[in-house]
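**Q** got a predicted model here, sequence first, then my questions.
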Amino acid sequence: MSWFVPDYAFATYRDISPEFLSAIGIKALLIDIDNTLAPYEQDTPDEHIVAWFDALAKNGIKATLVSNNGRERVELFNESLGLPAYFKSGKPFAKNLKRAMRDMGSDKSNTAMLGDQVLTDVVAGRHIGLRAIIVPPIKDRTSAFFRFKRALEVGSIKKYVKKAQKRGDSTQNVCGDAEKTCAFWLEGRYSAKYLKNHAN
Ligand SMILES: [Mg+2]
């Protein structure tokens with residue numbers, strides 16, 4: 001289990017079905033908010049997010065929001081969802097992930113971390129031996145610092161793609177084409193050059 005390489009990548013959180021989670025033995029999910037479920041500027045969950053959480057619950061999969069963002073953001077976002085939720089979680093440290101697991105009564109064998117960042121979400125999960133699922137950011141911040149962080153993730157994602165292609169099992173089919181799923185990183189969509197060329 002590598003600290004920096006996720007186990008699965010999906011194009012969006014909506015592509016992660018309860019059936020897939022059950023098939024890989026996941027009964028509890030720890031979920032990042034910003035750029036995983038919604039962009040920073042989206043204050044409240046839309047119907048897709050609500051439907052996805054409903055589907056998880058109906059299939060007996062527990063969920064907890066674990067965000068590094070502040071109380072206000074997390075509480076407002078979670079108001080209609082009413083999930084267990086942690087703000088200022090300090091990922092990549094795993095303190096709140098552990099608390100969340102304790103509350104859900106899950107353990108590392110049946111819990112996964114879902115997020116959009118290798119260096120916070122994936123590493124936080126790995127700290128306590130969890131499997132990690134990554135999605136490309138919905139609408140990434142474009143500051144130099146964020147672009148730098150994204151550039152650091154590329155090596156991890158390349159390793160993931162190799163792993164997924166080699167695995168070639170049914171989970172890869174569920175995840176879709178790994179290269180396509182990870183195009184955000186592989187095509188440098190976070191880079192200044194890409195953003196300039198694709199500005200509209
Ligand atoms: Mg995030």
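**A** Sure thing, it's come through.
**Q** which parts of the helix or strand hosting D54 are buried?
**A** Assigned by DSSP states H and E, D54 falls within helix 47-58. For helix 47-58, the neighbour count (16 or more other C-beta atoms under 10 Å) marks 49, 52-53, 56 as buried. Just so you know, the C-beta spots here come from the backbone N, C-alpha and C atoms, and that holds for glycine as well.
**Q** and the pLDDT at the closest residue to R71 other than its chain neighbours?
**A** The shortest distance from R71 to any non-neighbouring residue, by C-beta to C-beta, 6 or more residues apart in numbering, is to F87 (4.7 Å). pLDDT, F87: 98.
**Q** quick one: contacts for F87?
**A** 67, 69-71, 73-75 (C-beta atoms under 8 Å, 6 or more residues apart in numbering).
**Q** go on, D121?
**A** By C-beta under 8 Å, 6+ apart, the neighbours of D121 are 32, 36, 91, 113-115, 132, 134.
**Q** just say helix, strand or coil for it.
**A** Under DSSP: H, G, I helix; E, B strand; the rest coil, the three-state class of D121 is helix.
**Q** please tell me how far it sits from the ion.
**A** Remark: distance between D121 and the ion (C-beta to the ion, to the nearest Å) = 7 Å.
**Q** ok, A164 next?
**A** For A164 relative to the ion (C-beta to the ion), the value is 21 Å.
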